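> Please find the sequence and the predicted model below.
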Amino acid sequence: MSQLSALGVVDADLTPRLKFVNILPSALLITVVVALVLGGAPSHAPTMSLLLRNAGSHGWAGAVVATAGALVAGLLLQPLELASIRLLEGYVSPTGPLGPLARLRTWVHENRRSRLAWQKTHLRDEPGTETARSRLALMPDQAPVLPTTLGNRLRAAEERAGRPYDLKALLAWPRLYYVLPQDVLRSISDDRNQLDTAARLCLSFALTSATTAGLLLPHPRWLVLPAVFAVLSWCAYRASVHAATTYGESVAAVFDVYRLKLLQEMNLAIPADTAKERVLNRRLMDYWSRDDDTARPRPLTYDTGSGGSGGQGGSAAP
């Protein structure tokens, strides 16, 4: 019988997202810290013999407690998942302890965007122009830049996903999500899980590095361990940046392929061309924004004829 079964938890209770995005990072932190403490830290330099002796003295009960701690920590940290991702994106209080660093990094990214924009405009046929263009596409070009590369990748994806059709991704995506086929939802979910897992591992490695540094500070030779976790944190962050790029490309592809299906599900006529589609989408954005300060949008005409209800399409012009 597994340790989870001893706690009354079966595998079906733990979704893959909960396992990899929440439990795995917290289990890593708990395991490393407990191992160092059982090995003698911080009063003594950790040794394998002391670790095995102390672990053996706790036996099965200690293993169950450690497993329960990792599970509970994962469940408690689940509501903070979005907050942790937002932290890595660079959404921090300007008056908080990270405010000065955030302003410095924002200035760096602003200068980088300006330099890439200049290269794209003035170095049309010279080497490096295509590289500047591709890098500029990974940064927001309308909204302000964020302090981190991850935040800028995701913000650029939000800007560009529905732009060709005058759709604001933040408004349209929650609605488009409901009309996607199951295989597309699974693909999008996999991309998002990779992003979230890499981001949470980045934070977990960083916390593990800081915690082990505190435990091992009296033993300089052991400080290589927190250094290793710091490197792993950086690698996980780079992985999250690449995962964000993939996720953004997937979301943009979904807009390209399935945006008209959303109109069908709403019993709105499919526009004859992209120009008419943009007009309709701007009116939908007015409806979906829930902004009471703007004038009431023009009414939409639903198809109640041959198209029927439930997303069979429409023929009346909106």
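Done, it's in.
> which regions of this structure lie under the pLDDT threshold?
For the chain, the stretches flagged by pLDDT under 70 are 1-22, 58-64, 66-67, 69-81, 124-128, 291-295, 305-318.
> mind checking the longest helix of it?
helix 224-265 (DSSP state H).
> Mind giving me the packing neighbours of that helix?
Judged by 3 or more CB pairs under 8 Å, 6 or more residues apart in numbering; DSSP states H and E, helix 224-265 is in contact with helix 149-160, helix 169-176, helix 182-216. No exception for glycine: its C-beta is placed from N, CA and C like everyone else's.
> 10 Å instead, please
Contacting helix 224-265 under the criterion 3 or more CB pairs under 10 Å, 6 or more residues apart in numbering; DSSP states H and E are the following elements: helix 24-38, helix 81-89, helix 149-160, helix 169-176, helix 182-216, helix 274-288.
> Mind putting those into CSV with distance to Trp107 and mean neighbour count?
Output for the helices and strands packed on helix 224-265, formatted as CSV (distance: least, CB to CB, whole Å; neighbours: other CB atoms under 10 Å):
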stretch, distance to Trp107, mean neighbour count
helix 24-38, 31, 19
helix 81-89, 17, 17
helix 149-160, 13, 22
helix 169-176, 26, 17
helix 182-216, 23, 19
helix 274-288, 32, 16
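> From Leu150, how far off is Ala244?
Per CB to CB, to the nearest Å, Ala244 is found 6 Å from Leu150.
> list residues touching both of those two?
85, 88-89, 195, 198-199 (CB atoms under 10 Å, 6 or more residues apart in numbering).
> Name the SS class of Arg290, please.
What DSSP: H, G, I helix; E, B strand; the rest coil gives for Arg290 is coil.
> Check the secondary structure at Pro218 for me.
Assignment for Pro218 (three-state DSSP): coil.
> Start at 30, not 1
New numbering, starting at 30: the last item is Pro247.
> For it, grab the count of nearby residues.
12 (other CB atoms under 10 Å).
> just checking, it touches His73?
Yes: counting by CB atoms under 10 Å, Pro247 touches His73, with 8.9 Å between them.
> ok, now how distant is the spatially closest residue to Leu152 that is not a sequence neighbour from Leu145?
Spatially, and ignoring its direct neighbours in sequence, Leu152 is nearest to Thr158 (4.8 Å; CB to CB, 6 or more residues apart in numbering). Using CB to CB, Thr158 is found at 10 Å from Leu145.
> try Ile217
The gap separating Ile217 from Leu145 is 29 Å, by CB to CB.
> swap in Glu187?
Distance of Glu187 to Leu145, given as CB to CB: 19 Å.
> Could you do Thr303 as well?
Counting by CB to CB, the gap from Thr303 to Leu145 is 28 Å.
> now do Asp170
Distance from Asp170 to Leu145, by CB to CB: 10 Å.
> Looking at the two now, which is surrounded by more residues?
Neighbour tally, Asp170 and Leu145, criterion other CB under 10 Å: the higher count belongs to Leu145, 20 against 15.
> Quick check: the more buried one touching Thr160?
Yes: using CB under 10 Å, Leu145 makes contact with Thr160 at a distance of 9.0 Å.
> what's the closest non-adjacent residue to Arg162?
Arg162 sits nearest to Lys149 (CB to CB, 6+ apart), 5.2 Å away.
> for that neighbour, what are its contacts?
Taking CB under 10 Å, 6+ apart, one finds 158-166 in contact with Lys149.
> Please repeat the previous calculation with a cut-off of 8 Å.
Under the criterion of CB atoms under 8 Å, 6 or more residues apart in numbering, the contact list for Lys149 reads 158, 161-162, 165.
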